[in-house]
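Asker: Got a predicted model here, sequence first, then my questions.
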Amino acid sequence: MLKVFKYTLIDLARNRFVLGYALLMLFVAEGLFFVEDDPAKALLSLVQVVMALVPLIALVFTIVYSYDSLEFTQLLAVQPIARRSILAGQLLALCTALLVAQGFGLGLPLIVHLPNLAALMLSLAGSGLVLVFTALGLLIALKQREKARGVGVGLTVWFLFVLVYDALLMALMFSFSDHPIEPYVVPLAALNPVDMGRILVMLQVDLAAMMGYSGAIYKHFFGSLGGIAVAAVVLLLWFFGPTLFSFRTFQRKDL
């Protein structure tokens with residue numbers, strides 16, 4: 001596994017997309033802090049950018065890279081190397097490369113301009129989303145034979161999580177506003193890893209009131225250390241779930 005990780009990471013280090021991702025995040029973060037006089041306001045804008053951009057880039061890049069490295073994967077598969085070691089090395093390298101790029105592009109401006117708990121939570125939430133959507137991207141690439149179809153499925157997943165899900169959740173809450181829906185709001189939010197990340201960051205800057213009725217529920221549940229721990233566990237489950245399905249698919253896949 002370590003050899004596969006090493007060679008994949010070296011290949012990713014030469015990949016212009018990874019470098020471009022780091023520079024893009026750096027440009028966006030620095031631009032927002034430069035435009036806004038108040039770093040706290042810049043952070044709010046950065047939250048929206050990170051919650052939309054990070055899942056998209058991690059998902060699409062993982063899918064495209066998986067298809068582009070298929071010949072290398074096939075070469076490894078005929079060697080005396082366990083398939084689980086091949087996939088584990090590739091997944092670990094992808095996560096490492098994207099996390100390092102994001103740490104440079106996002107983490108560095110946050111440390112310089114706003115070294116507080118909210119910035120730390122944004123960095124951690126962004127890193128969690130990198131892991132989740134890298135795992136989802138790998139699973140999609142393994143499930144779909146054609147590259148175009150795989151990218152299309154990935155974009156659909158991103159669209160559902162980032163844009164459609166929130167609209168459906170709000171419509172559901174308004175439709176059943178006369179009923180006690182508090183027990184269901186948090187589990188429904190847990191079905192979307194992007195919402196988990198956004199909620200954790202927003203609560204750190206005390207914007208629960210601006211999030212309306214749902215914000216009060218989120219603040220009550222996630223405002224404590226226990227709630228934060230639950231959210232972290234949910235994000236880890238979103239990572240390990242697709243990862244386990246990916247290993248199972250790769251073991252049975254005809255390369």
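Answerer: Good, I have the coordinates. Fair warning: this is a prediction, and the values are worked out from it, not measured in the lab.

Asker: From now on I want contacts and neighbour counts done on CA atoms only, so please keep to that.
Answerer: Will do.

Asker: Which strands and helices lie in contact with the host helix or strand of Phe240?
Answerer: In the assignment (DSSP states H and E), Phe240 maps to helix 225-252. Judged by 3 or more Cα pairs under 8 Å, 6 or more residues apart in numbering; DSSP states H and E, helix 225-252 is in contact with helix 83-102, helix 117-143, helix 193-204, helix 212-222.

Asker: Mean pLDDT lowest where, among those helices?
Answerer: Least confidently modelled of the helices and strands packed on helix 225-252 is helix 212-222, at a mean of 55 by mean pLDDT.

Asker: now the helices and strands packed on helix 225-252 in a markdown table, with mean neighbour count and distance to Thr156?
Answerer: Formatted as a markdown table, the helices and strands packed on helix 225-252 follow (neighbours: other Cα atoms under 10 Å; distance: least, Cα to Cα, whole Å):
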| stretch | mean neighbour count | distance to Thr156 |
| --- | --- | --- |
| helix 83-102 | 21 | 21 |
| helix 117-143 | 24 | 11 |
| helix 193-204 | 23 | 15 |
| helix 212-222 | 18 | 26 |
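
Asker: Switch those over to JSON lines; also include distance to Ala171.
Answerer: Below are the helices and strands packed on helix 225-252 laid out as JSON lines (distance: least, Cα to Cα, whole Å):
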{"stretch": "helix 83-102", "distance to Ala171": "34"}
{"stretch": "helix 117-143", "distance to Ala171": "25"}
{"stretch": "helix 193-204", "distance to Ala171": "16"}
{"stretch": "helix 212-222", "distance to Ala171": "12"}
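
Asker: which one of the ones you listed lies closest to Gln251?
Answerer: With Cα to Cα as the criterion, Gln251 lies closest to helix 83-102 of those, at 6.3 Å.

Asker: ok, then the element right after that closest one?
Answerer: On the C-terminal side of helix 83-102, the closest following helix or strand by DSSP H and E is helix 108-113.

Asker: Going by neighbour count, which residues in that following helix are buried?
Answerer: By neighbour count on 16 or more other Cα atoms under 10 Å, the buried set for helix 108-113 is 108-110, 113.

Asker: And Phe174, which helix or strand is it part of?
Answerer: Assigning secondary structure by DSSP H and E places Phe174 in helix 165-175.

Asker: Need the residues that contact stretch 22-34.
Answerer: 39, 42-43, 45-46, 101-102, 104-106, 108-110, 113 (Cα atoms under 8 Å, 6 or more residues apart in numbering).

Asker: just to revisit the earlier point, now the angle between helix 193-204 and the helix holding Phe174, please.
Answerer: Taking axes from the mean of the first three to the mean of the last three Cα atoms, to 10 degrees, one finds helix 165-175 and helix 193-204 inclined to each other by 70 degrees.

Asker: got a pLDDT number for Pro55?
Answerer: 94.

Asker: That'll do, ta.
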